[in-house]
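1. Here is my input, please return the structure:
(chains A and B)
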Amino acid sequence: MSESVNNREPLLDISGLEVHFETRRGIARAVNEVDLTLYKGERFGLVGESGSGKTTMILALLRMIKTPGFIAGGKAVFDDGTDLLALNAEQVRQTRLKRVAMVPQGAMNSLNPVIRIGEQMMLTMREHGEEGERDELMARVVGLLEKVGLKPEAASLYPHELSGGMKQRACIAQAICLNPQLILADEPTSALDVVVQRQIMQTLRQLQIGLDATVLLVGHDMGLMAQFAERVGIMYGGKLVEVGTVSDIFRNPQHPYTQLLISSIPSFETRGDFKGIPGVALSLLDPPSGCLFHPRCPKATDACAQREPTLKEVSPGQWASCLLHEEEHDATAS
Amino acid sequence: MPPLLEARHIRKVFSSSGGLFAEDKETVAVEDFTLTIDADKPSFTTIAGESGSGKTTIARMLLGVIPPSEGEVLYAGRSIGQLEKDEMRSFRQDVQAIFQDPFEVYNPFYKVDHILTTPIEKFGLASSKSDAREQIDVALRTVGLRPEETLGRYPHQLSGGQRQRITIARALLLKPKLIIADEPVSMVDASLRATILASLHKLYREFDISFVYITHDLTTAYQVSENIVVLYHGTVAEAGGVEQVIKDPHHPYTRELIQSIPVPDPGSAWIEEEIEEKEVDESSAAASMQGWSMCRYAPRCPHAMDKCSTRPPLFRSGAGRAAACFLYDEQEPVEEGNLTQLFSEK
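-> Here you go, the predicted structure:
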């Protein structure tokens, strides 16, 4: 999966990523053999239900998995050959913000309540090796705040003096302060009202284009994904089950799970017509054999309980992990 | 027959002590709100609004959890603050609540059966153990759960969607006439949301249970409800049939809300289109929240006029609908601001 998409160069090549959690009842594979290439300057959306491993995956890229969780295998290699998963603690610190930064879900919980916004951004920059006089750094802080649509005065305010949307803007300013190549955004607007959500997502997109950075947006709001992402990946039970351009995923989904997910999105088209996905989400401690989705899949065959599918390219740029496509694949190959 | 539940000009003010050196602060969560739920004709009404719009405060007043500061809530014609013991009992049976968080309503030490057997015991609904079990089975099946896979388990062994459906089954056991559901699906995964909304819709359609659905999500409101009330900072901005209001919003605030929703259809200009952001004057925005002497949306409104510095009544902007906006001031205002009167005119 490393040929370029829209003539873009690969930025980060994730292969065989495994994150496990050790529990009393056994090992839970929260991220299960994920292969994914992110390209320079793209907006990639990662979708899944709670427990599908989407947040765990970005925490792994930030090297923020805490015990009882651990990265059990895989690589995440940058274009210059740096493997994010092989760095030592000091190297990780050097990489954060400079190469990989995160916009958190709850902005209110990620700012220090007793330090003024400008001050904490400056401290962050110093902590990550930026040198320079206070005035110089403060001028950069003000510049960053303006970039995210905040007034310079915001630098001298405490977090509680900002609204939810303004706090999230401050978090974005902090995330981009050292021009990262990869911005990981974990449901950055799920706590915000829709009007503010739209403003924040527009700001994030403008910044992403300005920096030519890659954004990996994690979430479950399919509307937001349709509007923000250029490519979308669908996760189920820790596995990446489908990847494709946003229009392929929404208009021509290939994996049965994606198909059900897309048809379950409520819209302003129909009233009183509710389509859910049958069955219950799987337990990671007791996963089904074969394809993880087969107990809920309307198209499952006997083979699905036996054999585990792998991601196969079903059309140019669109990959799905489903035996239905593997059979076709095998048939055309022979 | 008096209406089942009636909110008459209810208003709620929260006051907080400012501490030693500051003045006490008053926050008006809900201004004048009037809504009637008929006893004989089932209805499905959404109360929609963003955070801080007062939607949950309205729900809590309707449930009698908090008293209104002004106005009154009546159950079968009697103010719920003054119900006799047996009237209170029938109020508690007729009007049920479903809350947002399907995790917090359970006691983790009890099996989920507890939440279902308690109402049966308290209200003496069953004549025998087997009758009780039968009723529980029926209620669980109605919301799409298999009793044998649900009963006997602890809350942590069930998913959020299953837990939320059990709370709906619990409400159903009491054969209520009205269910007030406060964001029942906002903490549930998208794939299960549809299943839960379908359960609610079924109760309305097949069991003639009325609903007041409190949400911030206009898409699900559109899916399930007949009528909608859009709140803005404690005031009613717009009300009417959900089809009309969503497809053709009249109030500038409703328009802004609907345009802000990201639609699940790639290629629209949602992310690119410049939002006409009006420079909001902080002092006038603060002034609009003081008392209720002007349109609260005016400081953000692209159509704001001089008139907007007075309080807009709910004008009948169309058949069976109204908007609290001077753009429609050639129309008659709604008498007493009674939304139910309005909904019945469609």
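
2. got a list of what residue 312 touches?
-> Since you didn't name a chain, this refers to chain A. A:Lys312 is in contact with A:Trp319, A:Ala320, A:Ser321, A:His325, A:Glu326, A:His329, counting by C-beta atoms under 8 Å, 6 or more residues apart in numbering or on different chains. For glycine as for every other residue, the C-beta is placed from the backbone atoms N, C-alpha and C.

3. that answer is for a different chain, and I need it for chain B
-> Shown in contact with B:Pro312 (C-beta under 8 Å, 6+ apart): B:Cys295, B:Ala324, B:Cys325, B:Phe326, B:Asp329.

4. Excluding chain neighbours, what is closest to it?
-> B:Ala324 (4.7 Å; C-beta to C-beta, 6 or more residues apart in numbering or on different chains).

5. got it, and A:Gly45?
-> Closest residue in space to A:Gly45, ignoring its immediate chain neighbours: A:Ala229 at 3.1 Å, by C-beta to C-beta, 6+ apart.

6. I'd assumed B:Gly240 was in contact with the residue nearest to B:Pro312.
-> No - checked against C-beta atoms under 8 Å, the pair B:Ala324 and B:Gly240 is beyond contact range at 11.9 Å.

7. Can you tell me which residues in the stretch 201-334 of chain A are near chain B?
-> Proximity of the stretch 201-334 of chain A to chain B, by C-beta under 8 Å from any C-beta of the partner chain, involves residues A:201-202, A:205, A:220-228, A:246-247, A:250-251, A:260-262, A:264-268, A:270-277, A:280-281.

8. nope, the stretch 1-150 of chain A is what I meant
-> Selection of the stretch 1-150 of chain A residues close to chain B by C-beta under 8 Å from any C-beta yields A:Glu49, A:Ser50.

9. And the residue nearest the centre of chain A, how far from A:Gly106?
-> Chain A has A:Val218 as the residue nearest its centroid, 3.5 Å off, counting by C-alpha atoms, centre = their mean. Distance, A:Val218 to A:Gly106, using C-beta to C-beta, to the nearest Å: 14 Å.

10. cool, B:Ser90 as well?
-> Per C-beta to C-beta, B:Ser90 is found 42 Å from A:Gly106.

11. same deal with A:Gly74?
-> Counting by C-beta to C-beta - A:Gly74 and A:Gly106 are separated by 28 Å.

12. just to revisit the earlier point, could you turn the buried ones of the residues of the stretch 201-334 of chain A next to chain B into a ChimeraX selection?
-> Command for ChimeraX that selects the buried part of those, burial taken from 16 or more other C-beta atoms under 10 Å in any protein chain shown:
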select /A:201,202,205,220,221,222,223,224,225,226,227,228,246,250,260,261,262,264,265,266,267,271,274,275,276,277,281
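
13. So which of the residues of the stretch 201-334 of chain A next to chain B belong to helices?
-> Residues of these located in helices (DSSP state H): A:201-202, A:205, A:222-228, A:246-247, A:250-251, A:260-262.

14. which helix of chain B spans the most residues?
-> Max-length helix for chain B by DSSP H is helix B:190-207.

15. any chance you could map the strands in the chain?
-> No chain was given, so I picked chain A. Assigned strands in chain A, in chain order: A:10-23, A:26-39, A:43-47, A:69-78, A:100-103, A:182-186, A:214-219, A:231-236, A:239-245, A:312-315, A:318-320 (criterion: DSSP state E).

16. wait, I meant chain B there
-> Along chain B, counting by DSSP E, strands occupy B:5-16, B:25-37, B:44-48, B:70-75, B:78-79, B:95-98, B:178-182, B:210-215, B:227-232, B:235-241, B:315-318, B:321-323.

17. winner for burial among those strands?
-> Most buried of the strands of chain B, by mean neighbour count (mean count of other C-beta atoms under 10 Å in any protein chain shown): strand B:321-323, with a mean of 28.
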